[in-house]
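Colleague: Give me coordinates for this.
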Amino acid sequence: MNVRTLRPADIPAVAEVEKIAWGENAATPETIARRAAVFEKGSIVVLDGEVIVGYAASQLTDHISTATWSEQTDDGQIEKSHVPSGSLAYGVSMSARPGISGKGVAYHVISHYAEMYLGGGCQALCVGSRVPGFAKWRAANPNATLQDYLKPLDDGRSRDPEVRLYNSGDFRVLWGLPDYYPDPKSRGHGAMMVRT
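Modeller: So this is what the prediction gives:
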């Protein structure tokens, strides 16, 4: 697999990957194009041969917060939230076709962004991760909180599969994000994660 900057001709295939990954919350072709127009090198595709199997978009910012995904990314448009002089890289979206074998899309996206941003003067890579194991866990632990869920297990691993995915790319949890993103499996919550 290899990674390169998104080209205009990629947008229909990227929109298809987004739809597979995010359903009704997928970025539209117009949003994908807008992100690339605002910050070209932040929009990338992952290819398996000539087939687009993944997409990611990022922005630069000068702060991260407990705000919602929509607030932190200008509702995914990045026109108002991208700070060209910012020293933090913030992941706006990452999507992949299912069934990719070997080192997956997330590995290639994180590796690319780490080299591009951390090797290019940014202080950190930041991402608000969904926590798709939370709703099921909370049903079995009704008095527990998001912070309880995000505490590492005895072996140091996260109980959440998506947080573990980012942990494998050297991200660590900074704080929980209540009402971060409309994902039923996460009960709308997330985790702010960072890699320095």
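Colleague: Can you give the domain ranges for the protein?
Modeller: Domain ranges of the chain: 1-122, 129-196, per automatic domain parsing.
Colleague: May I ask you to name the longest helix in the chain?
Modeller: For the chain, the longest helix by residue count, based on DSSP state H, is helix 11-22.
Colleague: residues making contact with that one?
Modeller: 6, 26-29, 32-33, 45, 52-55, 93, 95-98 (Cβ atoms under 8 Å, 6 or more residues apart in numbering). Every residue, glycine included, has its C-beta placed from N, CA and C.
Colleague: Just the buried ones among those residues, please.
Modeller: 6, 26-27, 32-33, 45, 52-55, 93, 95-97 (16 or more other Cβ atoms under 10 Å).
Colleague: and the end-to-end length of stretch 176-193?
Modeller: The first and last residues of stretch 176-193 sit 9 Å apart, counting by Cα to Cα, to the nearest Å.
Colleague: Quick one: the helices in the chain, in order.
Modeller: Under DSSP H, the chain gives helices at 11-22, 29-38, 69-72, 105-113, 134-140, 146-150, 161-167.
Colleague: The residue lying closest to residue 73 once chain neighbours are set aside: how many residues sit nearby?
Modeller: Closest residue in space to residue 73, ignoring its immediate chain neighbours: residue 92 at 4.9 Å, by Cβ to Cβ, 6 or more residues apart in numbering. Using other Cβ atoms under 10 Å, residue 92 has 25 other residues around it.
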